[in-house]
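Chemist: Here is the input, now give the coordinates:
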Amino acid sequence: MYRMLPPVVKNLLIINGLFFLAKYAFGAAYNIDLSNLLGLHYFTSPLFRPYQFITYMFMHADIWHIAFNMFALWTFGSAVENTWGPKRFLLYYLITGLGAAIVHFVIIYFRVSAVEASMSPEQISVVYNEGASLIQHGMNYRDTQMGMLNGLINTSTIGASGAVFGLLLAFAMMFPNAELMLIFFPVPIKAKYLVPVYALLELFFGVANFSGDNVAHFAHLGGMLFGFFLIIYWKKKLNNNQFL
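Modeler: Purely as a prediction, here's the structure:
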């Protein structure tokens with residue numbers, strides 16, 4: 001039977017909600033910034049920890065950030081889990097979230113290389129030795145290049161968007177003719193058309209804002225990319241045309 005709230009989706013919603021509440025509770029009671037502790041940092045940052053590859057997916061910036069992601073998780077994730085079952089769904093969710101982080105790291109690597117090319121070795125050394133402390137105290141360097149490098153390596157990345165974009169792709173591959181409507185464009189569009197357009201928009205904004213903005217556009221695309229290859233792999237492994 002198809003359920004409106006299957007078990008993995010339900011538990012993911014609960015876990016994300018608890019992490020969101022804990023973020024403010026720990027901040028108020030203990031002055032602990034969970035976003036900084038559990039958010040994903042670039043691997044050269046002294047703030048980086050391996051567990052952040054998982055925990056970053058459960059942290060969100062504000063109420064709108066978590067509301068959008070959880071609505072998408074419920075909407076698309078429920079249909080996907082009801083079709084695949086809980087085990088395959090959870091594996092897919094985690095792998096697409098990890099894939100988003102990996103692609104994000106690749107993009108950060110190129111951005112860091114581009115910024116460091118215009119800096120002196122002394123400036124770079126200062127950022128790597130002192131930059132994390134500044135970020136933790138809500139400050140940054142006045143020098144544009146130093147500030148940009150510090151933001152790239154020591155600012156945390158948070159959110160379930162990479163995994164959610166993976167779910168969006170899976171939904172479109174499973175139900176290509178399902179009609180969806182965007183809030184700002186209330187016209188029914190089939191999933192097989194909407195998702196590729198959405199991906200192209202993410203690519204456009206990612207390239208247009210390559211020098212830096214607050215949205216990890218390429219991480220979103222990374223979730224889709226890993227999701228696509230994982231679905232193709234499963235389909236070939238099972239040799240079952242009815243897999244999707």
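Chemist: List the buried residues in stretch 192-204.
Modeler: Buried residues in stretch 192-204, counting neighbours by 16 or more other CB atoms under 10 Å, are found at 194-195, 198-199, 202. Backbone N, C-alpha and C define where each C-beta goes, glycine included.
Chemist: right, I mislabeled it, should have said stretch 82-99
Modeler: By 16+ other CB under 10 Å, the buried positions in stretch 82-99 come out as 82-84, 88-90, 92-93, 95-99.
Chemist: For those residues, give me TSV that also has pLDDT, distance to residue 116 and secondary structure.
Modeler: Listed next are the buried residues of stretch 82-99 as TSV, based on pLDDT from 0 to 100; distance: CB to CB, whole Å; DSSP: H, G, I helix; E, B strand; the rest coil:
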residue	pLDDT	distance to residue 116	secondary structure
82	96	48	helix
83	95	46	helix
84	96	43	helix
88	96	42	helix
89	98	41	helix
90	98	39	helix
92	98	36	helix
93	98	35	helix
95	98	31	helix
96	98	30	helix
97	98	28	helix
98	98	26	helix
99	98	26	helix
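Chemist: Output stretch 83-102 as PDB, nothing but the C-alphas.
Modeler: Output of stretch 83-102 as PDB, limited to C-alpha atoms (Å, rounded to 0.1, in the frame of the first residue of the first chain):
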ATOM      1  CA  THR A  83       8.000   2.600  -5.000                       C
ATOM      2  CA  TRP A  84      11.500   1.400  -4.000                       C
ATOM      3  CA  GLY A  85      10.900   0.400  -0.300                       C
ATOM      4  CA  PRO A  86      12.700   1.900   2.700                       C
ATOM      5  CA  LYS A  87      16.200   0.300   2.400                       C
ATOM      6  CA  ARG A  88      16.800   1.200  -1.300                       C
ATOM      7  CA  PHE A  89      15.300   4.700  -0.700                       C
ATOM      8  CA  LEU A  90      17.600   5.400   2.300                       C
ATOM      9  CA  LEU A  91      20.700   4.200   0.500                       C
ATOM     10  CA  TYR A  92      19.800   6.400  -2.500                       C
ATOM     11  CA  TYR A  93      19.200   9.500  -0.200                       C
ATOM     12  CA  LEU A  94      22.500   9.100   1.600                       C
ATOM     13  CA  ILE A  95      24.500   8.400  -1.600                       C
ATOM     14  CA  THR A  96      23.100  11.400  -3.400                       C
ATOM     15  CA  GLY A  97      23.800  13.600  -0.400                       C
ATOM     16  CA  LEU A  98      27.400  12.300  -0.300                       C
ATOM     17  CA  GLY A  99      27.700  12.900  -4.100                       C
ATOM     18  CA  ALA A 100      26.500  16.400  -3.700                       C
ATOM     19  CA  ALA A 101      29.300  17.000  -1.100                       C
ATOM     20  CA  ILE A 102      31.900  15.500  -3.400                       C
END
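Chemist: Quick one: distance of it to the chain centre.
Modeler: For stretch 83-102, the separation from the chain centroid amounts to 12 Å (computed by CA atoms, centre = their mean, to the nearest Å).
Chemist: Roughly how far does residue 79 sit from residue 171?
Modeler: Between residue 79 and residue 171 the computed distance is 6 Å (CB to CB, to the nearest Å).
Chemist: Comparing those two, which residue is more hemmed in?
Modeler: Set residue 79 next to residue 171 and count neighbours by other CB atoms under 10 Å: residue 171 wins out with 22 against 19.
Chemist: Let's see the pLDDT reported for residue 213.
Modeler: According to the prediction, residue 213 has pLDDT 61.
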